[in-house]
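[1] pasted the sequence and its predicted model underneath.
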Amino acid sequence: MTTLTTPLEKQRTGAAAGPRPRRRAADGRRASGRPSVAWAVPGLLFFGLFAVVPMGLAVYLSFTSWDGLTSPTPVGLDNWTRLFGDPEFLQAARLSALLTVVSWLFQTPVALLLGVWAAGRQRNRAVLSAVFFLPLLLSTTAISVLFHALLDPNFGVVKEIGPWFGIDPNILGTSTGALLTVAFVGGWQFMPFHTLIYQGGMRQIPQVLYQAAAIDGAGPLRQFFSITLPQLKNTVTTSSVLMIVGSLTYFDTVLIMTKGGPGTDTTIVPYLMYRVGFQSYDLGYASAVATALVVVATGLSLLMVRFSGFGAMRSTREGM
Amino acid sequence: MAAVLAGCGSGGGDAAGGGGTLTAYVYGDDAVKVQQAAVETFNKTSDVKVKLVSVPGAEYVNKLRTAMGSPNAPDIFFNWGGGSIKPYVDAGQLVDLTSAFASDPVLKDGFLSPVVTAGSLDGKVYGVPMRGMQPVILFYNKSLFAENGLQPPKTWDDLTEAVTVFKAKKITPFALGGTDAWTQLMWLEYLLDRIGGADVFRKIQNGDSSAWGDPAVLRAATMAKQLVDDGAFGKNFTSVSYSNGGAPALFAQGKAAMHLMGSWEYSTQLGKAPDFAAKDLGWTAFPTVTGGTGDAGNVVGNPTNYWSVNARTKHKDAALAFLKHMASQDYTKALVANGDIPTTADAGETLASSPNPGFAAFQYEMVQRAPDFTLSWDQALEADQATPMLTEINKLFAGRSTPEQFVAALKALT
């Protein structure tokens, strides 16, 4: 593993071995330069109180029947057996998976290209990047209300412009249209965020690589595929994990624009959870749905991190 | 400034004289000012002060549910009667007002009896009517009907004829906000009532979900589906929403000829399209259906809203005294001035001062003469049945299920 020593580790070993008497004298306990565990206490406390404890409660509730008023009654595995045989849940899971795939396919290429472009130096790029960033500053609710108004089949923009492109204004009233709209609106809002991540990643790539490639006669396309993309590998993983977990938890867009309809054609898992929990007050079953969602989302992110080699924190700049 | 501060202090409720505070949760919309005035009047003479908590509409049900499960529950709270209070009744959290109604002339004779009954559960009264009545009414565009030589439909045949005529003129016969399932629910409520009478749903409400298998339910669903297939709601109603004003605008602009909606459609139109409301807005009862056994005078909708009393309250007598105030002339007048039609027995006399006496009288008589007033199904049933029912209705109208599948899915709700 010594061959994999990163530049960062080299620096650290160097720092520890080097003669730094004054600093050691001042703070002997942190001689290694590592922050003590105490720094993590506030974070751990908050995480435990507002994430782990509620999650534990949800897991507990998933084994009970609870209407929110009286005390929860334990029902064993009832909610879980119901979950795996519930056609509505299976449909919701399918729709969530579909939405996630569509969102990823839609957002990643655009965000990647925009990010690479935004990492340039020209002045107009800085201004345009700031403009692109605007959707992220708006609340999801405001965005959903806005798109809902634009897509109104009788009074929205889609009624005026749609026919030019042969689009039936009844977009939100069809199953494909409604799901694609949800994916699009979510993408429209969060793409700037991913663009920003890619922009940051892009700026970390040493210019010498491009200079060397240019000397070897590589054109912009070749540079993109041979330098930019491989160098952005970890960035793609980070962005994709966030994107996928984000798509799995889409909720407000659906609540405001389609209410899970037409029929149940956009009832994705989080919306189903809301409907079962806060409209039917079947909080035990809703907890099972929520727990299943947490398990799937965590599993997916762990898998992605593992298979992309991101977890090992291997540098993309080995051998430099 | 000092006076203002002093005022705030006494509003806190810890007034001297052995008083206390009653917390009352109310649905926060335009009508709150009427309740606020009632509270102020009541607090002037009472040792126990009422503190009104206005909860924004969309949050009301969830907030109430959470509060009722906690030690900070309200003493009095606004509700829709029926299934909306069933979980609280089952948990023993509500005061049974039946004997209070029987023994107190103010409560007993103060309100229209179908309204009190509609909010009851298993024959027991848990609520005192406190807002206007909200029957579902068939609204229509008077100019469009006149231009096409039509009369407002009295029978189902009239209605289908009007559908044909308006379709030929490229006018959507009915505005429908199909994103919201409850707008579609209104059609099934009236159709079932006209076809099978009020008893079919009464059985369902009393816990017999096999009554969904009554042939009248299938016929109502089939007729609703037929309307959808005939284009009575236009081609894009599944992406039209009521709550963002899509459906009312369609109606107000003359692009749709009729709108089946709760009585609040009048004030909605008055606010958003005052010219239309003044000149073209007409209203009539839901038509009769040939071969149907239901009384043509029956009404569906929300009879009114109710105050219920939490069984854990420390000031039950004061709470009752406040609720009796809902039957008073002052309160009735304040409701009328706000455009609401009160459900008090003597409200008829005050309707002349309503912003639209004609509409007010129509509504009041419609409810007063109704042999039956069916509470909206989604309020009459408990949430764990009402929510899946609304989903099934949405699927039926969106063409995702057949009337037969619809009936089968509802029968499976237990």
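    Looks like it came in fine. Residues are numbered from 1 along each chain as shown, chains lettered A, B, ... in the order given.
[2] what ranges does the stretch 51-200 of chain A have for its strands?
    Using DSSP state E, counting those that start in this stretch, the strands of the stretch 51-200 of chain A run over A:64-65, A:73-74.
[3] interface residues of chain B facing chain A?
    Counting by C-beta under 8 Å from any C-beta of the partner chain, the residues of chain B close to chain A are B:62, B:65-66, B:68-69, B:87-88, B:91, B:93, B:178-181, B:235-241, B:244, B:246, B:249-250, B:255, B:383-384, B:386-388, B:391, B:394-395, B:398-401. C-betas here are computed from N, CA, C, even on glycine.
[4] of those, buried ones?
    B:65, B:68-69, B:87-88, B:93, B:178-181, B:236-241, B:244, B:246, B:249-250, B:255, B:383-384, B:386-388, B:391, B:394-395, B:398, B:400-401 (16 or more other C-beta atoms under 10 Å in any protein chain shown).
[5] next, count neighbours for the residue in the stretch 51-200 of chain A that chain B sits nearest to.
    As assessed by C-beta to the nearest C-beta, chain B sits closest to residue A:173 within the stretch 51-200 of chain A, at 3.3 Å. As a burial measure, residue A:173 scores 24 neighbours (other C-beta atoms under 10 Å in any protein chain shown).
[6] contacts for stretch A:254-268?
    Under the criterion C-beta atoms under 8 Å, 6 or more residues apart in numbering or on different chains, residues A:88, A:91-92, A:95-96, A:99, A:141, A:144-145, A:147-148, A:151, A:172-175, A:178-179, A:181-182, A:185, A:250, A:270-272, A:274-275, B:178-181, B:238-239, B:391, B:394-395, B:398-401 lie in contact with stretch A:254-268.
[7] sorry, wrong one. I was asking about stretch B:239-250.
    For stretch B:239-250, contacts defined as C-beta under 8 Å, 6+ apart pick out A:145, A:148-149, A:151-155, A:169-173, A:178, A:262, B:172, B:175-180, B:183, B:256, B:259, B:261, B:265, B:268-269, B:272-273.
[8] in PyMOL, how would I select the buried members of those?
    Applying 16+ other C-beta under 10 Å to these, the buried members can be selected in PyMOL as follows:
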select buried, (chain A and resi 148+151+152+153+154+155+169+170+171+172+173+178+262) or (chain B and resi 172+175+176+177+178+179+180+183+256+259+261+265+268+269+273)
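[9] let's see which of the contacts of stretch B:239-250 end up in helices.
    Those of the contacts of stretch B:239-250 mapping onto helices are A:145, A:148-149, A:178, B:183, B:265, B:268-269, B:272, per DSSP state H.
[10] reformat those as JSON lines; add pLDDT.
    Compiled in JSON lines, these are given as follows (pLDDT from 0 to 100):
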{"residue": "A:145", "pLDDT": "92"}
{"residue": "A:148", "pLDDT": "93"}
{"residue": "A:149", "pLDDT": "92"}
{"residue": "A:178", "pLDDT": "95"}
{"residue": "B:183", "pLDDT": "95"}
{"residue": "B:265", "pLDDT": "92"}
{"residue": "B:268", "pLDDT": "87"}
{"residue": "B:269", "pLDDT": "91"}
{"residue": "B:272", "pLDDT": "88"}
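[11] before we move on, back to that, just the ones of the residues of chain B next to chain A in strands?
    Using DSSP state E, the subset of those located in strands is empty.
[12] what sits against residue B:169?
    Here residue B:169 is in contact with residue B:148 (criterion: C-beta under 8 Å, 6+ apart).
[13] how close does the closest residue to chain A within the stretch 301-414 of chain B get to residue B:239?
    Here the stretch 301-414 of chain B gets closest to chain A at one residue, residue B:400, 3.4 Å apart by C-beta to the nearest C-beta. As for residue B:400, its distance to residue B:239 is 14 Å (criterion: C-beta to C-beta, to the nearest Å).
[14] cool, residue A:130 as well?
    34 Å.
[15] which non-adjacent residue is nearest the residue nearest to the spatial centre of chain A?
    In chain A, the centroid-proximal residue (C-alpha atoms, centre = their mean) is residue A:242; its distance is 2.1 Å. Excluding the flanking residues, the one nearest residue A:242 by C-beta to C-beta, 6 or more residues apart in numbering or on different chains is residue A:194, at 7.4 Å.
[16] how many residues are close by the one you found?
    The burial count for residue A:194: 26, using other C-beta under 10 Å.
[17] what sits against it?
    A:107-108, A:111-112, A:115, A:239, A:242-243.
[18] same question, residue A:200
    Listed by C-beta under 8 Å, 6+ apart, the contact set of residue A:200 reads residue A:235.
[19] let's go with 10 Å and repeat that
    By C-beta atoms under 10 Å, 6 or more residues apart in numbering or on different chains, the contact set of residue A:200 is A:115, A:118-119, A:235, A:238.
[20] swap in residue B:357?
    For residue B:357, the contacting residues are B:336, B:351, by C-beta under 10 Å, 6+ apart.
[21] how near is the residue in the stretch 201-320 of chain A that chain B sits nearest to to residue A:236?
    Residue of the stretch 201-320 of chain A nearest chain B, by C-beta to the nearest C-beta: residue A:263 (3.4 Å). The spacing between residue A:263 and residue A:236, counted by C-beta to C-beta, is 36 Å.
[22] same check, this time on residue A:68
    The spacing between residue A:68 and residue A:236, counted by C-beta to C-beta, is 42 Å.
[23] residue B:131 too?
    Per C-beta to C-beta, residue B:131 is found 57 Å from residue A:236.
[24] who has more neighbours, these two?
    residue B:131 (24 against 20).
[25] quick check: the more buried one is in a helix.
    No. Using DSSP: H, G, I helix; E, B strand; the rest coil, the assignment for residue B:131 is coil, not a helix.
[26] quick check: closest non-adjacent residue to it.
    Nearest non-adjacent residue to residue B:131 (C-beta to C-beta, 6+ apart): residue B:305, at 4.3 Å.
[27] list the contacts for that neighbour?
    Applying C-beta under 10 Å, 6+ apart, one finds that residue B:305 lies in contact with B:26-27, B:31, B:78-81, B:84, B:119, B:127-134, B:343, B:379.
[28] buried residues in stretch B:44-54, which are they?
    The neighbour-count check on stretch B:44-54 (16+ other C-beta under 10 Å) flags B:46, B:48-50, B:52, B:54 as buried.
[29] about what we covered before: widest-spaced pair of the ones in helices among the contacts of stretch B:239-250?
    A:178 and B:269 (28.7 Å; C-beta to C-beta).
[30] so what's the residue count around residue 158?
    No chain specified, so I'll use chain A. By the criterion of other C-beta under 10 Å, residue A:158 has 23 neighbours.
[31] try chain B instead
    When neighbours are counted by other C-beta under 10 Å, residue B:158 registers 15.
[32] where does it fall, phi/psi-wise?
    phi -60, psi -40 (degrees, to the nearest 10).
[33] please tell me how far residue A:93 sits from residue A:248.
    10 Å.
[34] okay, and the common contacts of the two?
    A:268-269, A:293, A:296.
[35] out of the residues you listed, flag the one nearest to residue B:114.
    residue A:268 (42.2 Å).
[36] quick check: phi and psi at that closest one.
    Residue A:268 adopts backbone torsions of phi -80, psi 170, taken as degrees, to the nearest 10.
[37] equivalent analysis for residue B:289, please.
    The phi/psi pair for residue B:289 (degrees, to the nearest 10) is phi -120, psi 130.
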